[in-house]
Structure formats: C-alpha cells, structure tokens
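Sequence isn't available, so here's the structure alone:
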C-alpha cells in the first residue's frame, strides 16, 4: 500500500481547525468596520444636535440681504453689486420665502442641504451595502459641523448637494448600457449644471463626465446628452436674469471684473493656509488615508470604472480648492465630499470581497478621523469670535434703528465684519448698489475700478445717506487708513459728515461738518 511521502502535507480534510485566537481575530476584523461606522454616525448625530441653535452669521447674512433686496424688486447685479452667482441668490430667496429670515430657519435649511448631500452619497454607493455610504455621510457631516457656525450654508457646501447627485448618476451610468446609461448621464449632467450656477468652478468636473460619455458605445449621442444636460439649468436662470433686468450687468461683471480682477485678489499660500488655519490637519490627513485605503480596496478589474469616476472627483475637488487660491476652509468642501465617497466605496468593496485586512484598516482610520473631527467640532460649537461678531452687529443695529426709522439710507463700507448683517436686521436700504468697499482699493488705475469709484460717488451725492459706517478691517488688507487710497471719497465724507460713534471695529458718521474742520475720516485715527 502506498502511504505517500512522509513530508507531504496532510489532506485538506485533516487541516487543523483555526485556533480560538484566530477565530476571535476574524470576528473582530468582520465586526470592526460596522462598529466604526456606527460610532461615526453617532458622533455626527450628536454634534448636529448640539449645533441646532447656531445663529445666522458671517457670510450668510450678506446673501440673505441680497435675496431680500431682490424680493423688494431690485434687479440682480444691476442694483446689487456682488460676486456670487445667481443660484446662490435663488437658494437664499427660497429660504426667505418658505422658512423665513430667522436663525432657526437658516439652520433648518443648512441641515436640509446636508441631508440631500448625504442622500446623494447613499445613491452613489458602490454596492447594495449601506455601510460605506453611512460612513461617507457621517464623515462629511462631521467635517461640516466641525468648522463652526460660519460654515453653515456656505456656497461650496451648497454645491456639494448637486455634486453628490452628479456622482450618483455617473457611477450608475458606469454600471449600465444603452438608453438607461444615457438617462443616468443626463441626470448627472443636469446636477452638475445646477452646481455651476452656484459656483462656476463646478464645470472643472465636466471633463470627467465627457470622458465617461466618450467611452460609450454610441459616443456621439452620449456626448450630446451630457452637453444638453449641462446646458439645461442655464435656460431658467438666464431667463430669470433677463426678466429681472440683470443679465447685461451680470455679463459685464463676469467679463469686466470677476475674471480679470477679482480672481487674482486675496490669493495666498494654500500650504500655509492648511498648516496655520483651523482646518483640522489631523482630520484632513485621516480623510486622505481613508481615501487611499478605499482606492486599494477598489483595485480590481470589476471595480475599475467606479474607481476612475471617484478618483476623477477627488482630482476635481483638489483643483477646485487650488484655483480659487484664497485658502478658505469652505473651498475644501468638494474635495472632502469625494475623499469620503471614495473611502466609503472602498469600505463596501472590502466588505463584499471579504478583504479583512483592508476592512480593519479602514475601520481604524474611520474611527480616528471621526475622533479628530469630534474634537474640532466641540471646540467650534460656540467660538468666541462668533459671539464677538454678533455682539458688534447688535450694537450697530441699535445705533442704526433711529436712522432707518427716519426713512434715511445707510451706506456701509465693509466686507464681512457685520455691516450688512446690521442692515438686514434693521431693514435699511443703501443709497448705492455696493455691498462691499474692497473693489475700490485694488487695481485702482484699471478703467473698471475707476468706473466703480465714480458710480459710488455719484450715488452718494444723489442720495446722501443718513449714516455712513466705516469698518476698521478691510479685505484682503487695510484698516481705517484705506480711505486715504480713495481721496475723492475721503473728501466727500469730510465735507458733509462728522464722526459720531466709534464702536468695536467700526465708525459711524452722521451728516454735519467734521470736528474742527479736520477730515472726518482721519479724525480719531
């Protein structure tokens, strides 16, 4: 009888059973991702609950003010000079028309946008499993709340809702063919087109959709579908601008000011911004590692299409942050959206393919990143600078109420330090269309800026305001002395106004001669 080689391995049926330690490790590897997701979801829910009383503050009141002016009959851009795109105004108009102007109304709007974005991430999940989408949604929510009240309703955050649904459409298109594929491409393109009217930078993501269409069995038709979808949202928006009398001014603003001048203003080192501002470097590093591990989990022929779409989204998000060049935290929103989506897709793939090691690594990174965001979020739930800004707004509001009650206009020379917020609270109107004074202090020899300066002075002379409020902090630089760079405005102020109040970071001027004949703007400097 042949008994086999004495060194040959025993038959599989006689292989030793896994040890108790090995079985326990396997159970941990299977349970850890789900436990980490549950932890992240609970952390996000808790922070969201703690943020329920956030006030309307910083940039949001400016856009509320614009929307309120439009509701009063003003034409966008023609009667209000602002750099934002029409979709932002329409969003704030919708809030005012449906929910009202209060803090709670805007908080509800912000949370609704977050829920819509999370819904897009769920629709974009790589498998039928909900775990990856839940993890991505929780990380995105934690990132949003961790930034503090000033990020509520920010424009790049609003953009993430259509971006998430564009991603869902693109991933669905990659899994289908024929007419169904074209319908999903069209849906993705329409969502991206909507986003472009919130921030035109969204169009940087369009080549990814076009590349997906180019790989279609019928590329000509697919490209046409994508092009039509991208253009479709423009029809109602452009029609609205034209009907309200603001289309020509909008085009003039984009071509004459936004592209050649504003796009270069206030640019800073992005590396320095990330390193020195409160971005949460540990959390950002965690999301990058989460995305990298997700990429590793998706490295298979069957998942190559999803990986390409998600990777293109991450690339777009990084370009979105870089091309704006100002290093503001909210410019990172699209990058964060795609980073968490890529990691979430990788988690689903690791669970479906039973890749225990990658799944365990993703669980550890998820828990660590959620912890870093939780720490940052608790620190920013009620930051002191927000309290100080709201106190400043309250004091200025009390000062301006009698002026507004008398029927006089108020001109603020400010950017985002609280002047427009006070006008929103008092219902004040300005004698000119200028919300901000920074356009008057850069590129001063440029014909467009000269035209803006002339328009401001003509408006002030034609309708002298009952008060002028000059804020100390200019943007991107400058203090009270910036008025010296606009001598004609300084002379107009000195000739007809006197300094009546110096508050916390602002000065109020009322009609009357400057003290002792000294220039009003220079007094008490």
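Alright, I've got the coordinates. Treat the numbers as computed from the prediction; the structure is a model and nothing was measured. Residues are numbered from 1 along each chain as shown.

Show me which helix runs longest in this protein.
Scanning the chain for the helix with the most residues, using DSSP state H, yields helix 20-50.

ok, and for it, which residues are buried?
29, 32-34, 36-37, 39-41, 43-44, 47-48 (16 or more other C-beta atoms under 10 Å). Every residue, glycine included, has its C-beta placed from N, CA and C.

Out of these, which comes closest to residue 98?
Closest approach between these and residue 98, by C-beta to C-beta: residue 48, at 21.2 Å.

Quick check, pLDDT for the closest one.
Note for residue 48: predicted pLDDT of 98.

which ones are touching it?
111, 114, 141, 145 (C-beta atoms under 8 Å, 6 or more residues apart in numbering).

Tell me if the third one really is in a helix.
Which is residue 141. Yes: judged by DSSP: H, G, I helix; E, B strand; the rest coil, residue 141 forms part of a helix.

Now it. Nearest residue, chain neighbours left out?
residue 44 (4.2 Å; C-beta to C-beta, 6 or more residues apart in numbering).

Need the pLDDT of that neighbour.
pLDDT, read off for residue 44, is 98.

And for the one 10 residues further on?
The model reports residue 54 with a pLDDT of 97.

go on, residue 523?
Taking residue 523 on its own, its pLDDT is 34.

I'd like the average pLDDT over stretch 259-276.
Mean predicted lDDT for stretch 259-276 stands at 92.

next one: stretch 139-146
pLDDT averaged over stretch 139-146 gives 98.

what ranges do the strands span in this structure?
410-413, 467-471, 497-502, 506-511 (DSSP state E).

What residues does the spatially most central residue of the chain make contact with?
Nearest to the mean C-alpha position of the chain, counting by C-alpha atoms, centre = their mean, stands residue 156 at 2.0 Å. Taking C-beta under 8 Å, 6+ apart as the criterion, residue 156 is in contact with 199, 320, 330, 331, 332, 333, 334.

Which parts of this structure belong to which domain?
Domains of the chain are assigned by automatic domain parsing as 22-379, 385-517.

which other residues reach stretch 135-147?
36-37, 40-41, 43-44, 47-48, 51, 114, 117-118, 121-122, 151, 157, 160, 280, 283, 287, 290, 329-330, 333, 336-337, 340-341, 343-344, 347, 366, 369-370, 373-374, 376-377, 380.

Just the buried positions in it, please.
Here stretch 135-147 shows 135-147 as buried, counting by 16+ other C-beta under 10 Å.

for the residues you listed, which one is nearest residue 511?
Of the buried residues of stretch 135-147, the one sitting nearest to residue 511 (C-beta to C-beta) turns out to be residue 147, at 41.7 Å.

Neighbours of residue 360, how many?
Residue 360 has 19 neighbouring residues, counting by other C-beta atoms under 10 Å.

Report pLDDT for the closest residue in space to it that isn't next to it in sequence.
Excluding its sequence neighbours, the residue lying closest to residue 360 (C-beta to C-beta, 6+ apart) is residue 29, at 4.8 Å. Per-residue confidence (pLDDT) for residue 29: 73.

Can you verify my assumption that residue 29 contacts residue 362?
No: here residue 29 lies out of contact with residue 362, judged by C-beta atoms under 8 Å, at a distance of 10.9 Å.

Just checking the distance from stretch 368-388 to the centre of its chain.
18 Å (C-alpha atoms, centre = their mean, to the nearest Å).

what about stretch 411-430, start to end distance?
5 Å (C-alpha to C-alpha, to the nearest Å).

which parts of it are buried?
411-426, 428-430.

for stretch 473-490, same thing?
474, 475, 478, 480, 482, 483, 486, 489, 490.

Out of those, name the ones that lie in helices.
Going by DSSP H, the helices hold 489, 490 from the buried residues of stretch 473-490.

Tell me which two of the buried residues of stretch 473-490 sit farthest apart.
475 and 490 (18.9 Å).

just to revisit the earlier point, I'd like the strands of the chain laid out as TSV, including mean pLDDT.
Compiled in TSV, these are given as follows (pLDDT from 0 to 100):
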stretch	mean pLDDT
strand 410-413	98
strand 467-471	98
strand 497-502	96
strand 506-511	98
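
where along the stretch 301-450 of the chain do the helices fall?
Secondary structure of the stretch 301-450 of the chain by DSSP state H, counting those that start in this stretch: the helices cover 304-324, 333-352, 356-379, 384-405, 419-426, 447-462.

Compile these into JSON lines and extend it with columns for mean pLDDT and distance to residue 86.
Putting these into JSON lines (pLDDT from 0 to 100; distance: least, C-beta to C-beta, whole Å) gives the following:
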{"stretch": "helix 304-324", "mean pLDDT": "96", "distance to residue 86": "19"}
{"stretch": "helix 333-352", "mean pLDDT": "96", "distance to residue 86": "20"}
{"stretch": "helix 356-379", "mean pLDDT": "97", "distance to residue 86": "32"}
{"stretch": "helix 384-405", "mean pLDDT": "97", "distance to residue 86": "27"}
{"stretch": "helix 419-426", "mean pLDDT": "97", "distance to residue 86": "19"}
{"stretch": "helix 447-462", "mean pLDDT": "98", "distance to residue 86": "20"}
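
Noted, bye for now.
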